[in-house]
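Chemist: Sequence first, then the predicted structure, then my questions.
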Amino acid sequence: FAQIALYSAIFIPGLSDKILKLYGKEIGWQGWTAALFGALATLILCELYKYLFKGQIKRAKQKVLVKMQKEEEECKNLAK
């Protein structure tokens with residue numbers, strides 16, 4: 001949906017030029033290349049982050065799980 005909203009904002013006459021002051025047809029191949037490069041770079045960096053920090057994310061999730069289990073046990077003990 002975000003992609004549809006983006007292209008709508010860029011190319012719908014009246015909305016793009018008069019309201020948002022965007023001129024999508026005038027950015028040329030350099031603009032589209034930069035946009036594509038930016039999107040691909042974001043995708044690559046996000047995937048790289050997930051790969052590099054997989055262990056840290058797993059440990060953080062495990063830490064939260066242990067804390068939740070401990071709190072649940074405390075609640076059960078208080079209820080007795």
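Modeler: Cool, the structure landed.
Chemist: What segments of this protein are helices?
Modeler: Taking DSSP state H to define them, one finds helices in the chain at 2-11, 28-52, 54-79.
Chemist: out of these, nearest to residue 20?
Modeler: helix 2-11 (5.8 Å; C-beta to C-beta). Just so you know, the C-beta spots here come from the backbone N, C-alpha and C atoms, and that holds for glycine as well.
Chemist: What about residue 63, how many residues nearby?
Modeler: 10 (other C-beta atoms under 10 Å).
Chemist: Could you dump the helices of the chain into TSV with mean pLDDT and distance to residue 19 added?
Modeler: Output for these, formatted as TSV (pLDDT from 0 to 100; distance: least, C-beta to C-beta, whole Å):
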stretch	mean pLDDT	distance to residue 19
helix 2-11	88	9
helix 28-52	93	20
helix 54-79	93	41
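Chemist: which residues sit in contact with residue 70?
Modeler: Going by C-beta atoms under 8 Å, 6 or more residues apart in numbering, residue 70 touches no other residue.
Chemist: right, I mislabeled it, should have said residue 58
Modeler: Applying C-beta under 8 Å, 6+ apart, no residues contact residue 58.
Chemist: can you check residue 24 too?
Modeler: 10, 11, 16.
Chemist: Please dump the helices of the chain into JSON lines; it should also carry distance to residue 20 for every row.
Modeler: Formatted as JSON lines, the helices of the chain follow (distance: least, C-beta to C-beta, whole Å):
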{"stretch": "helix 2-11", "distance to residue 20": "6"}
{"stretch": "helix 28-52", "distance to residue 20": "15"}
{"stretch": "helix 54-79", "distance to residue 20": "38"}
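Chemist: so which of the ones you listed gets nearest residue 21?
Modeler: Comparing the helices of the chain by C-beta to C-beta, helix 2-11 comes nearest, at 10.9 Å.
Chemist: tell me which residues in that closest one are buried?
Modeler: Using 16 or more other C-beta atoms under 10 Å as the test for burial, helix 2-11 gives residue 10.
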